[in-house]
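Engineer: coords below, sequence missing:
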């Protein structure tokens, strides 16, 4: 399978990349790891006239602590995340989610920025970022802005990115010491997108849930923040009744598509189970 | 369409060529360089038959443009033997443990296992199985591939591998 023809650009700086994005307009696509875009181009489902390769911009890659936030550059790969002690210590849920993405070869190339900016409802990191309260930094020729992950996704492949803008970094508030987190993903085989998946980040106080955020992957046209489900467990000790209330509240907002992974009824059913498992595992890790 | 000049180091030798931007790395290696050890299997980023080592990473060369690899250091299956031409520990492991049947997946398996052992010289069986999760084999059921990699790890660590092929 051969992609359509395109012009290739490899800017050396972010300013140059943003200028190219603005000048070339909607015929241009940014290329990061390429492991979503290139398969789409080979199928001719994407036929950009220009590719702007971000691989030569060193400033877009890397993981650093900035006060009470962890800042991850857009072209940091899933492999880089898994190799990072800082992530292991401060944001273990990112390690858990990255390990469930695709396979080793894809993780060497696939980037965190591509995963969150592409808008594919099957991508795993968006729901995790929503549960963590992350912000995305978007840069265009007119300047930079920050937007909460929870406000970024509008539908399948529709996001708050404006034409000419690039997602350049993700800023994640470091969860408090003793927080618990988990990402539960049901998939048919290695490399598959989720049939259903749930991310949980919570804190416990005196055996009861003090704070909780729940994100859902591939259970609607866009990732979901299950706020009512999280509310249903706050103040409880996660007894069976609370877990079932949370699952029911989460299932009420799921609108999964019918596809090879199952019927909407099945995917909603297992979605509820993923929420319960993630809550239990996150609580067991808190303390 | 204008062609772009690329240079890279493949198996220690500097190579160059003119490619369209849309030329995939696997096509550059197989067609321009005439090195056909790297196979195209699924052509959809799943099977791993086209795996090559690019700047110290295992990548599926059907999903990388040759222009992205401009200036890169690449190792393919043709570069896996020892410098004196004898089989490397991994190649010997695949031979001794019957780690292949039809052989189609083998170049990708060996190139991937090479990087795995570089990063983790003493992998557990689980490490090996998750480490080759991006390489599909439809013949062996993986048992002897895992043993082949265990054989190579043992040999590189100076330990005798006592298990037999299934």
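Structural biologist: Arrived safely, thanks for sending. Just so it is clear, the structure is predicted and the values come from calculations on it, not from any experiment. Numbering: from 1, shown residues only, chains lettered A, B, ... in the order given.

Engineer: Using the three-state scheme, assign the residue of chain B at minimum distance from chain A.
Structural biologist: Per CB to the nearest CB, residue B:134 is where chain B lies closest to chain A, at 2.9 Å. In this view, the C-beta of every residue, glycine as well, is placed from N, C-alpha and C. Recorded secondary structure, residue B:134: coil (DSSP: H, G, I helix; E, B strand; the rest coil).

Engineer: and it, what is it in contact with?
Structural biologist: A:102-106, A:190-191, B:48, B:51, B:58, B:60, B:112 (CB atoms under 8 Å, 6 or more residues apart in numbering or on different chains).

Engineer: How about residue A:115?
Structural biologist: Residues counted as contacts of residue A:115 (CB under 8 Å, 6+ apart) are A:78, A:101, A:123-126.

Engineer: quick one, strands of the stretch 51-200 of chain A?
Structural biologist: In the stretch 51-200 of chain A, the segments counted as strands under DSSP state E, counting those that start in this stretch are A:63-66, A:69-73, A:135-140, A:143-148, A:153-155, A:158-159, A:166-173, A:180-186, A:196-205.

Engineer: Please identify which of those strands is closest to chain B.
Structural biologist: strand A:180-186 (14.4 Å).

Engineer: Against which helices or strands is the closest one packed?
Structural biologist: helix A:92-99, strand A:196-205, helix A:264-285 (3 or more CB pairs under 8 Å, 6 or more residues apart in numbering or on different chains; DSSP states H and E).

Engineer: centroid residue for chain B?
Structural biologist: With distances taken as CA atoms, centre = their mean, the residue of chain B nearest its centroid is residue B:111 (2.0 Å).

Engineer: what about that one, distance to residue A:136?
Structural biologist: 36 Å (CB to CB, to the nearest Å).

Engineer: Residue B:138: which element?
Structural biologist: For residue B:138, there is no enclosing helix or strand under DSSP states H and E.

Engineer: Can you report how many residues lie near it?
Structural biologist: Per other CB atoms under 10 Å in any protein chain shown, the neighbour tally for residue B:138 reads 11.

Engineer: cool, and residue A:179?
Structural biologist: With other CB under 10 Å as criterion, residue A:179 counts 21.

Engineer: What separation is there between the spatially closest residue to it that is not a sequence neighbour and residue A:94?
Structural biologist: Counting by CB to CB, 6 or more residues apart in numbering or on different chains, residue A:179 lies nearest to residue A:203, which is 5.0 Å off, once chain neighbours are set aside. Going from residue A:203 to residue A:94 by CB to CB gives 18 Å.

Engineer: if we can go back for a sec, single out the most deeply packed of the helices and strands packed on strand A:180-186.
Structural biologist: When you average the neighbours per residue for each of the helices and strands packed on strand A:180-186 (mean count of other CB atoms under 10 Å in any protein chain shown), strand A:196-205 leads with a mean of 26.

Engineer: and that strand, what's its mean pLDDT?
Structural biologist: Across strand A:196-205, the average pLDDT comes to 98.

Engineer: got the angle between that strand and strand A:180-186?
Structural biologist: 160 degrees (axes from the mean of the first three to the mean of the last three CA atoms, to 10 degrees).

Engineer: who does strand A:196-205 pair up with?
Structural biologist: Using DSSP bridges, the strands paired with strand A:196-205 in its sheet are strand A:180-186 (antiparallel), strand A:208-217 (antiparallel).

Engineer: Go through the longest one and flag the buried ones.
Structural biologist: Of the residues in strand A:208-217, those buried under the neighbour-count criterion (16 or more other CB atoms under 10 Å in any protein chain shown) are A:209, A:212-217.

Engineer: Centre of the chain to it, how far?
Structural biologist: Taking CA atoms, centre = their mean, to the nearest Å, one finds strand A:208-217 lying 16 Å from the centre of the chain it belongs to.

Engineer: Also compute the angle for it relative to helix A:92-99, please.
Structural biologist: Going by the same axes, to 10 degrees, strand A:208-217 makes 30 degrees with helix A:92-99.

Engineer: same check, this time on the shortest one
Structural biologist: Direction vectors for strand A:180-186 and helix A:92-99, defined by the same axes, to 10 degrees, enclose an angle of 20 degrees.

Engineer: Give me every residue in the stretch 1-150 of chain A lying close to chain B.
Structural biologist: Residues of the stretch 1-150 of chain A found near chain B, taking CB under 8 Å from any CB of the partner chain as the criterion, are A:1-8, A:10, A:31, A:34-35, A:38-39, A:41-42, A:51, A:53, A:55, A:79, A:102-106, A:108-109.

Engineer: ok, the nearest residue to residue A:138 once chain neighbours are set aside to chain B distance?
Structural biologist: Excluding its sequence neighbours, the residue lying closest to residue A:138 (CB to CB, 6+ apart) is residue A:165, at 4.8 Å. Residue A:165 sits 23 Å away from chain B, going by CB to the nearest CB, to the nearest Å.

Engineer: thought residue A:165 was touching residue A:136?
Structural biologist: No: applying CB atoms under 8 Å as the test, residue A:165 and residue A:136 come out as separate, 10.3 Å apart.

Engineer: Which one of these two is surrounded by more residues?
Structural biologist: Applying other CB under 10 Å to residue A:165 and residue A:136 shows that residue A:136 carries more neighbours, namely 25 against 21.

Engineer: That one bridge partners, please.
Structural biologist: If you apply DSSP bridges, the partners that residue A:136 bridges to are residue A:147, residue A:170.

Engineer: Do you know the pLDDT at it?
Structural biologist: 98.

Engineer: Identify the residues contacting it.
Structural biologist: Residue A:136 neighbours (CB under 8 Å, 6+ apart): A:116-117, A:129, A:146-149, A:152, A:167, A:169-171.

Engineer: Report the outermost residue of chain A with respect to its centre.
Structural biologist: residue A:206 (31.2 Å).

Engineer: just wondering, since we're on that one, how far is it from chain B?
Structural biologist: 37 Å.

Engineer: measure that residue to residue A:177 for me?
Structural biologist: In terms of CB to CB, residue A:206 sits 16 Å off from residue A:177.
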